[in-house]
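Visitor: just to be clear, the model below is a prediction. Sequence and coordinates:
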Amino acid sequence: MKIDIEFKGLEELVKAFESAASDEDIAQVNKTIAEKGEPVVQRIMSGKIPKSKDIKKSGRGFGSKSSVSAHAADEIPIGKVKVNGTGATADVGWEKNTQDEGGHFYVRFINWGTIYRPPQEFIYATGREADAELQKIAEQEYQAYLDRTVG
């Protein structure tokens, strides 16, 4: 899952940061923001994924391949932060069109639904809920950079 965050209300801080920082510094700070944001997104997503009361029944109804030892909510995948130019991206959760999901392939059916089950969309809802915390992290990191370099 990729979430695009648009920083609102931080325009002045972002402008000051971009004018004071080199491209390498911007990329490093954005990478730090993404790294600090991953556990926030993971925590919020974990609270949105349905859990069965009995782990032995978790994922059942999605075929015989679904034999898990932990709830998907407890094993949300986090990808490595990728830097492209001055931007940074991080993958948290599942993608719709991937093959191996660490034993939790059925999560796609829960989130996006099937012809027999309506979607219980939690991935993008997580992004919307995490937005305020992610913006706070960005504000702190940008301000910390300016405090270190500009004074």
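Guide: Structure received.

Visitor: how much space between the residue nearest the centre of the chain and Val41?
Guide: The chain has Val92 as the residue nearest its centroid, 3.8 Å off, counting by Cα atoms, centre = their mean. Distance, Val92 to Val41, using Cβ to Cβ, to the nearest Å: 4 Å. C-beta coordinates here come from the backbone N, C-alpha and C atoms, glycine included.

Visitor: now Ile110
Guide: 17 Å.

Visitor: OK, contacts around the residue nearest to the centre of the chain?
Guide: Contacts for Val92 (Cβ atoms under 8 Å, 6 or more residues apart in numbering) come out as Met1, Glu38, Val41, Gln42, Met45, Ile76, Pro77, Ile78, Gly79.

Visitor: got any ranges where this structure has weak pLDDT?
Guide: Low-confidence segments of the chain (pLDDT under 70): 1-9, 57-68, 98-103, 151.

Visitor: so where do the strands sit in it?
Guide: For the chain, the strands defined by DSSP state E cover 82-84, 87-89.

Visitor: chain center to the first one: distance?
Guide: What it means is strand 82-84. On the basis of Cα atoms, centre = their mean, to the nearest Å, strand 82-84 sits 15 Å off its chain's mean C-alpha point.

Visitor: do stretch 39-59 as well
Guide: 15 Å.

Visitor: for Lys136, grab the count of nearby residues.
Guide: 13 (other Cβ atoms under 10 Å).

Visitor: how much space between it and Tyr142?
Guide: Noted for Lys136: a distance of 11 Å to Tyr142, by Cβ to Cβ.

Visitor: next one: Ala21
Guide: 9 Å.

Visitor: one step back: any chance of the contacts of Val92 in CSV, with distance to Ser52 too?
Guide: Below are the contacts of Val92 laid out as CSV (distance: Cβ to Cβ, whole Å):
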residue, distance to Ser52
Met1, 22
Glu38, 26
Val41, 23
Gln42, 20
Met45, 17
Ile76, 16
Pro77, 20
Ile78, 23
Gly79, 26
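
Visitor: buried subset of those residues, written for ChimeraX?
Guide: A single ChimeraX command selects the buried members of the contacts of Val92 (16 or more other Cβ atoms under 10 Å):
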select :1,38,41,42,45,76,77
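
Visitor: done for today, thanks.
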